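>>> Curious how this folds, go ahead:
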Amino acid sequence: MPKEYHSLLRRQLKRHLGAAAPPEGWEAFLDSVDQAYRQADDDRMMVERSLELSSRELHEANHGLWLAKEAAEKAAQAKGEFLANMSHEIRTPMNAVIGLTALLLDTELSAEQREYLETVRFAGESLLEIINDILDFSRIESSRLELEQCPVDVRACLESSIDLFGLRAVKGGVDLICRVDPSVPAIIRGDSTRIRQILLNLIGNAIKFTESGSVTVWVTTLSTGNGKCELQFAVEDTGIGIPAGKLDKLFDSFTQLDCTTTRKYGGTGLGLAISRRLCELMGGQIWAESEPGAGSTFYFTIRSELLQEPPPGGMYKGKRALVADGSAGVRTALREMLEWWGVEVTAVATADSLELALAGSHFDVLVTDAALARARVRQAWPQLPAIMLDRPGTFGRLTGGWETASRLPTPVRETPLRVTLDCLWNGAGRHLSQTPWPEQDSARLGDRNPLRILLAEDNPVNQRVLLKLLERFGYHADLAVNGHQVLDAAERNQYDLVLMDVHMPEMDGLEAARQLRQRNGDDPRPRIVALTASALHEDRERCLAAGMDSYTTKPIRVEELRRVLEESAPSSSRV
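Below you'll find the model as predicted:
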């Protein structure tokens, strides 16, 4: 204790005591106070030193965290750039593999050659699926995947997903069936690409693990209200099934049932993990129910804004239909669709039952599998309108006397069936027996929908593939190998469509698109579609920001190129 405090205490004490002597132990008391003060001062200094040390450590920790965050961001950026570059480098040769294979399959081949090429195409498609899975998983893990919010035609989304598997299902001896509950809205708001991605993964897996029987894809409405809806999709198969103890692990990343399954069926183990994350992003969930040896059912739900109510039913009230097909699932799906439209349905499974039903009742239409059709049925009921269900790959293989029947590809979907019935009963449009299949109709697209096309592509192999694919659809395209040539060609000619590669020398496709839009002002022509091997979400956004109308990744499939050509039709010729 400082001396001034001793003096102060003594003066205060004298003032109170006067002439009296200080109390005994006064000095000891002062010493104890001094000791307590010193201890408190030492404690204060220790606390200050501790706070200073903690502050320094906190500052160093914050600096370390900042450095770690910066390193993580640089690593994520490097990872993204690496994946983007690898995607581009892999997709460029894949464009040649898949494109040239598709062109070769359109030529005259021996059975052995066709088998080899089908194997090459399947291997190429499988490799592409693996590349897409890895890219999607990377985007999801880094929280860089964003969903679009656009109007979605639920039925069209479901049907287009199923279309891709028709031939594969037939080759695998599996009936592929589509069912849509009448309560399902016509239009919702969402991301059709991601909904299709989940469906494609589940349908592909179902067919892969089903050696016989059926795969049924259906959608129903769980709830609606306040302009919102919750939809439930399901993919049910009669395949090998899944042990109960492994159901919970199905949706984990890089998970397969076991090593044997991986070797036999292949796959990255990412598809279901990606599907789960996509469902969660769309406000839903995904799960599976299964019994070993009896098949599996995968369910997933999504929540969305309801834009348009379900289409009305009952438009064919009073009509009667006879449905003949050996598959119980196909009969059920047809019955549900027809009865919703007001049609009274009789369903049979055999050719003999078909003849008995026709002999006992009057029908307005016969819907039958070509395998059950008999010439004497047509001869006995020549005026009966008939719709033949053609499995993919069996087109035109009809029994004698049925060549004039309408033909409906399977799996049966609502839209084609309604169009066919309208043709038969209301005379709306042309008869579907005269409607060519897409493969037969490709070369005539250029006649129906003429387009002046400029192809901007610097890779010689890709040039050849794309020019040949365009020829397949009846188009001839001018060629440019960099952005400068694109601008020069557009100055000389008025194009309807520019298929624009992004990575080109001298001037890339992004800059060419920007300058082309600046030159043309408000004129929407030409339509510019990016054809690029860069497949990340940021690549798409850059293309759209540069003024392009659409974005398509390489390798481009035949059906995708057809869609681009149809969407690029001048407004005067669009249907």
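
>>> where exactly do the helices run in the stretch 151-300 of the chain?
For the stretch 151-300 of the chain, the helices defined by DSSP state H, counting those that start in this stretch cover 154-163, 166-171, 192-208, 259-265, 271-281.

>>> Dump those helices into JSON lines; add mean pLDDT, mean neighbour count and distance to Asp522 as well.
(C-beta placed from N, C-alpha, C; glycine too.) Listed next are the helices of the stretch 151-300 of the chain as JSON lines, based on pLDDT from 0 to 100; neighbours: other Cβ atoms under 10 Å; distance: least, Cβ to Cβ, whole Å:
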{"stretch": "helix 154-163", "mean pLDDT": "86", "mean neighbour count": "20", "distance to Asp522": "31"}
{"stretch": "helix 166-171", "mean pLDDT": "79", "mean neighbour count": "16", "distance to Asp522": "43"}
{"stretch": "helix 192-208", "mean pLDDT": "89", "mean neighbour count": "21", "distance to Asp522": "29"}
{"stretch": "helix 259-265", "mean pLDDT": "46", "mean neighbour count": "11", "distance to Asp522": "53"}
{"stretch": "helix 271-281", "mean pLDDT": "88", "mean neighbour count": "21", "distance to Asp522": "36"}
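
>>> who wins for proximity to Glu52 among those helices?
Closest to Glu52 of the helices of the stretch 151-300 of the chain is helix 271-281 (Cβ to Cβ; 46.8 Å).

>>> Relative to the whole chain's centre, how far out is that closest one?
Centroid separation for helix 271-281 versus its chain: 11 Å, with Cα atoms, centre = their mean, to the nearest Å.

>>> Could you number the chain from 43 rather than 1 from now on?
Fine by me, first position is 43 from now on; the one you just mentioned is helix 313-323.

>>> Give me the packing partners of that helix, helices and strands only.
helix 153-183, helix 234-250, strand 328-333, strand 337-350 (3 or more Cβ pairs under 8 Å, 6 or more residues apart in numbering; DSSP states H and E).

>>> The helix or strand that Trp467 is a member of: which residues count as buried?
Element membership for Trp467 (DSSP states H and E) is helix 456-468. Neighbour-count burial for helix 456-468 flags Glu456, Pro458, Leu459, Arg460, Val461, Thr462, Leu463, Cys465, Leu466 (criterion: 16 or more other Cβ atoms under 10 Å).

>>> Now render those residues as TSV, adding distance to Glu99 and pLDDT.
Putting the buried residues of helix 456-468 into TSV (distance: Cβ to Cβ, whole Å; pLDDT from 0 to 100) gives the following:
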residue	distance to Glu99	pLDDT
Glu456	68	87
Pro458	71	85
Leu459	73	90
Arg460	73	88
Val461	74	86
Thr462	77	88
Leu463	78	91
Cys465	81	86
Leu466	83	87
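
>>> Val407: which of these is nearest?
Nearest to Val407, judged by Cβ to Cβ, of the buried residues of helix 456-468 is Leu466 at 6.2 Å.

>>> Which residue, other than its chain neighbours, is closest to the closest one?
Using Cβ to Cβ, 6 or more residues apart in numbering and skipping residues adjacent in sequence, the residue nearest Leu466 is Pro427, 4.5 Å away.

>>> dump the residue contacts of that neighbour.
Contact analysis of Pro427 by Cβ atoms under 8 Å, 6 or more residues apart in numbering lists Asp406, Val407, Leu408, Ser448, Leu466, Trp467.

>>> Would you reformat the helices and strands packed on helix 313-323 as JSON lines and include distance to Glu378?
Formatted as JSON lines, these follow (distance: least, Cβ to Cβ, whole Å):
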{"stretch": "helix 153-183", "distance to Glu378": "32"}
{"stretch": "helix 234-250", "distance to Glu378": "19"}
{"stretch": "strand 328-333", "distance to Glu378": "22"}
{"stretch": "strand 337-350", "distance to Glu378": "18"}
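
>>> which strands and helices sit next to the helix holding Trp467?
helix 196-205, helix 370-382, strand 407-411, strand 428-432, strand 448-451.

>>> on that earlier part again, a markdown table for the buried residues of helix 456-468, including distance to Met379?
Listed next are these as a markdown table, based on distance: Cβ to Cβ, whole Å:
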| residue | distance to Met379 |
| --- | --- |
| Glu456 | 6 |
| Pro458 | 11 |
| Leu459 | 6 |
| Arg460 | 8 |
| Val461 | 13 |
| Thr462 | 12 |
| Leu463 | 10 |
| Cys465 | 16 |
| Leu466 | 15 |
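
>>> of those residues, closest to Ala401?
Leu466 (21.7 Å).

>>> Surely the closest one touches Ala447?
No. Judged on Cβ atoms under 8 Å, Leu466 makes no contact with Ala447 at a distance of 10.2 Å.

>>> Need the overlap of contacts for the two.
Ile429.

>>> Identify the residue nearest Leu539 in space, chain neighbours excluded?
Leu539 sits nearest to Ser610 (Cβ to Cβ, 6+ apart), 4.3 Å away.

>>> Got the phi and psi for the one you found?
For Ser610, the backbone dihedrals are phi -90, psi 10 (criterion: degrees, to the nearest 10).

>>> And it, what's its pLDDT?
On the pLDDT scale, Ser610 is placed at 81.

>>> show me the contacts for it.
Shown in contact with Ser610 (Cβ under 8 Å, 6+ apart): Leu493, Asp538, Leu539, Arg569, Val571.

>>> which element follows the helix or strand encompassing the last one toward the C-terminus?
Assignment of secondary structure by DSSP H and E places Val571 within strand 569-574. Toward the C-terminus, strand 569-574 is succeeded by helix 579-587 as the next helix or strand (DSSP H and E).

>>> the inter-axis angle of that next one versus strand 569-574?
Inter-element angle recorded for helix 579-587 and strand 569-574: 160 degrees (by axes from the mean of the first three to the mean of the last three Cα atoms, to 10 degrees).

>>> Alpha carbons of helix 579-587, as PDB, please.
Extracted in PDB, the C-alpha atoms of helix 579-587 (Å, rounded to 0.1, in the frame of the first residue of the first chain):
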ATOM      1  CA  HIS A 579     -24.500 -24.100 -64.400                       C
ATOM      2  CA  GLU A 580     -22.300 -21.000 -64.700                       C
ATOM      3  CA  ASP A 581     -21.500 -21.900 -68.300                       C
ATOM      4  CA  ARG A 582     -25.300 -21.800 -69.100                       C
ATOM      5  CA  GLU A 583     -25.700 -18.500 -67.300                       C
ATOM      6  CA  ARG A 584     -22.800 -16.900 -69.300                       C
ATOM      7  CA  CYS A 585     -24.300 -18.100 -72.500                       C
ATOM      8  CA  LEU A 586     -27.700 -16.600 -71.700                       C
ATOM      9  CA  ALA A 587     -26.200 -13.400 -70.500                       C
END
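
>>> elements contacting the helix or strand following that helix?
Where DSSP H and E defines the elements, the next helix or strand beyond helix 579-587 is strand 592-595. Applying 3+ Cβ pairs under 8 Å, 6+ apart, we find strand 592-595 packed against strand 569-574, helix 579-587, helix 600-609.

>>> Let me know the average pLDDT across strand 592-595.
79.

>>> Stretch 113-122 now?
70.

>>> got TSV for the helices and strands packed on helix 456-468, with distance to Tyr517 too?
Listed next are the helices and strands packed on helix 456-468 as TSV, based on distance: least, Cβ to Cβ, whole Å:
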stretch	distance to Tyr517
helix 196-205	23
helix 370-382	37
strand 407-411	37
strand 428-432	29
strand 448-451	25
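
>>> how about the nearest residue to the most centrally placed residue in the chain, chain neighbours excluded?
The chain has Gln239 as the residue nearest its centroid, 2.5 Å off, counting by Cα atoms, centre = their mean. Of all residues not flanking Gln239 in the chain, Leu320 sits nearest, at 6.7 Å (Cβ to Cβ, 6+ apart).

>>> ok, back up a step: could you give the angle of the strand holding Val571 to helix 600-609?
Using the same axes, to 10 degrees, strand 569-574 lies at 160 degrees relative to helix 600-609.
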